[in-house]
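In: take this sequence and fold it.
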Amino acid sequence: MRGIMTEVPEFILEWRKRTGAAQRDEVWEGVLHMSPEPDCEHQDFEGCLETWLRLNWARPRRAKVYHRINVARPNAGSSWVDDYRIPDLVLLTRERFSINHRTHFEGGPNVVVEIRSPGDESEVKLTFYAEIGVLEVWIIDRDTKEIDLYVCSGDEYHKQPAGENGWVLSACTGIEMRVGRPGKFAIRLKGDDATREELPED
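Out: Numbering: from 1, shown residues only. Below you'll find the predicted structure:
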């Protein structure tokens, strides 16, 4: 059920903080967006994907993979709490480590990953991600495991087409992705079947 409140009562905000329900809440230009916790399938896939990225992509490059990190505008300072998003996963190379302010990022990481659940706002976030300089946005459907990979060009994104073999290449990371077996997401380093896995694991 969707709903709109012109002003969220303080007791609701306090309850969400106290119970942990607020950990995925976002603020879009001063407007609170409250999201429910993802289901078990979403969390299982997210965890497996994060592990693969950490081991196969981040570790060899001394890069970082984070989950549920607050992403704000460059030079936001203390006002970052008025306008931020929380991607499912974030990929960050060493060249961009300076955006890390512990509680949040100020500016765009290299890649953000959104796992699309029914009725969520993954695509709506694209404008914000382009404005703060995110190079690529991966939107992966929770159920079908289909991927929409958006590459930033200027101030907007263009969808990266799949190659003849069905793999979608992330030029930013050198990672290839495609739908695998039913319910599975295939991922590998470009052309390297030794790194290929189908997620989530059985």
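In: okay, now Gly77: neighbour count?
Out: Gly77 has 9 neighbouring residues, counting by other C-beta atoms under 10 Å. Yep, even glycine has a C-beta here, placed from its N, CA and C like the rest.
In: I should have written Ala58 there, sorry.
Out: Using other C-beta under 10 Å, Ala58 has 19 neighbouring residues.
In: ditto for Leu55
Out: 13.
In: over to the one 5 residues further on?
Out: Pro60: 9 surrounding residues under other C-beta under 10 Å.
In: roughly how far apart are it and Thr93?
Out: Here Pro60 is placed at a distance of 12 Å from Thr93 (C-beta to C-beta, to the nearest Å).
In: tell me who's in contact with the residue nearest in space to the middle of the chain.
Out: Nearest residue to the geometric centre of the chain (C-alpha atoms, centre = their mean): Val113, 2.6 Å. The contact partners of Val113, by C-beta atoms under 8 Å, 6 or more residues apart in numbering, come to 49, 87-91, 137-138, 140.
In: what do you get if the cut-off is 10 Å, keeping everything else the same?
Out: Residues near Val113 by C-beta atoms under 10 Å, 6 or more residues apart in numbering: 46, 49-50, 53, 65, 67, 87-91, 122, 136-140, 147.
In: that one is in what secondary structure piece?
Out: Element membership of Val113 [criterion: DSSP states H and E] is strand 111-116.
In: I'd like the average pLDDT over that strand.
Out: The average of the pLDDT scores along strand 111-116 is 97.
In: just stretch 27-42 next, same as before
Out: Rounded mean pLDDT across stretch 27-42 is 73.
In: please shift the residue numbers so they start at 241 in all later answers.
Out: Taking 241 as the first residue, the last one we looked at is stretch 267-282.
In: what about that stretch, how long is it end to end?
Out: 22 Å (C-alpha to C-alpha, to the nearest Å).
In: coming back round to it: so which of the contacts of Val353 belong to strands?
Out: The strands, defined by DSSP state E, take in 305, 307, 329-331, 376-380, 387 from these.
In: among the residues you listed, which one has the lowest pLDDT?
Out: Among those, His307 carries the weakest pLDDT, at 93.
In: was I right about that residue contacting Glu290?
Out: Yes: contact criterion C-beta atoms under 10 Å: His307 and Glu290 qualify, at 5.7 Å.
In: of these two, give the one with the bigger neighbour count.
Out: Comparing His307 with Glu290 by neighbour count (other C-beta under 10 Å), the higher total belongs to Glu290, at 18 against 14.
In: pretty sure the more buried one is touching Tyr306, no?
Out: Yes: the criterion here is C-beta under 10 Å, and Glu290 meets it with Tyr306 at 8.7 Å.
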